[in-house]
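1. Turn this into a model:
(chains A and B)
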Amino acid sequence: DGGITQSPKYLFRKEGQNVTLSCEQNLNHDAMYWYRQDPGQGLRLIYYSQIVNDFQKGDIAEGYSVSREKKESFPLTVTSAQKNPTAFYLCASSILRVGVNTEAFFGQGTRLTVV
Amino acid sequence: RKEVEQDPGPFNVPEGATVAFNCTYSNSASQSFFWYRQDCRKEPKLLMSVYSSGNEDGRFTAQLNRASQYISLLIRDSKLSDSATYLCVVNRGGATNKLIFGTGTLLAVQP
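-> Okay, here's the model as predicted:
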């Protein structure tokens, strides 16, 4: 079955540690996204990528890094520079077609908690 | 001002009621529009796209008003299973396909 997979589902991090969240899709989508959701708030865009080896900062990129070495994979690293990393992280993908309604499909999310 | 704004609710309605949500967006270049549903502690899932002519899917009707820059979602004959957060989503347009989410409207359907 085609889909988008995030792992792990739950992640605990000690302060000062970097952690990497995995996101893989087999939908052959060009575009991939990382969002962060805090309780009672909407989704905020961290990074997005439209093509392999290229990515753009979203609205809250500070303290995060990404890579896009393969079309299928878009891992997110939460660095120690991110001051408040505890949140629900959602990865999404979509086809990339100008002028056409192209919805995003989401993975099940990773809940990151700093302990 | 946020680029996409929604009333956060909660909307508490009895089963069988009709409920409407509105969403406004500020970027007039926005090209495409969606409603997503998000259950508690789950990922958002597409409910329906919103087309200029309006569109209906069973009990759900979506409308777009480009002149006033708002979209709406109408749910008729509410079911308990409709209880969720409804997210308004706007594609900024251009080649970026960048989706901007509203903060969501919480709907609680009461028995």
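2. name the helices or strands packed onto the lowest-mean-pLDDT helix or strand in chain B?
-> When the helices and strands of chain B are scored by mean pLDDT, DSSP states H and E, strand B:99-101 comes last with a mean of 87. Other helices and strands packing on strand B:99-101, by 3 or more C-beta pairs under 8 Å, 6 or more residues apart in numbering or on different chains; DSSP states H and E, are strand A:43-51, strand B:84-91. Quick note: C-beta positions are derived from backbone N, CA and C, even for glycine.
3. all strands for chain A, in order.
-> All strands of chain A, identified by DSSP state E, fall at A:4-7, A:10-13, A:19-25, A:31-37, A:43-51, A:54-57, A:64-66, A:76-78, A:87-94, A:105-106, A:110-114.
4. Which neighbouring elements make contact with the fifth one?
-> Put plainly, it is strand A:43-51. In terms of contacts (3+ C-beta pairs under 8 Å, 6+ apart), strand A:43-51 is packed against strand A:31-37, strand A:54-57, strand A:64-66, strand B:99-101.
5. For the ones you listed, give me a markdown table that also has mean neighbour count and distance to residue B:8.
-> Shown next, in a markdown table, are the helices and strands packed on strand A:43-51 (neighbours: other C-beta atoms under 10 Å in any protein chain shown; distance: least, C-beta to C-beta, whole Å):
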| stretch | mean neighbour count | distance to residue B:8 |
| --- | --- | --- |
| strand A:31-37 | 25 | 14 |
| strand A:54-57 | 14 | 27 |
| strand A:64-66 | 20 | 26 |
| strand B:99-101 | 24 | 13 |
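6. So which residues on chain A come close to chain B?
-> Residues of chain A lying near chain B by C-beta under 8 Å from any C-beta of the partner chain: A:31, A:33, A:35, A:40-45, A:48, A:50, A:56, A:58, A:88, A:90, A:92, A:94, A:96-109.
7. Flag every residue of chain B that's near chain A.
-> Contact residues (C-beta under 8 Å from any C-beta) of chain B with chain A: B:4, B:8, B:31-34, B:41-46, B:49, B:51, B:87, B:89, B:91, B:94-104.
8. Tell me which of these fall in strands.
-> B:4, B:32-34, B:45-46, B:49, B:87, B:89, B:91, B:99-101.
9. Can you tell me which of those residues is closest to residue B:67?
-> Minimum distance to residue B:67 across those is 14.1 Å, recorded for residue B:33 (C-beta to C-beta).
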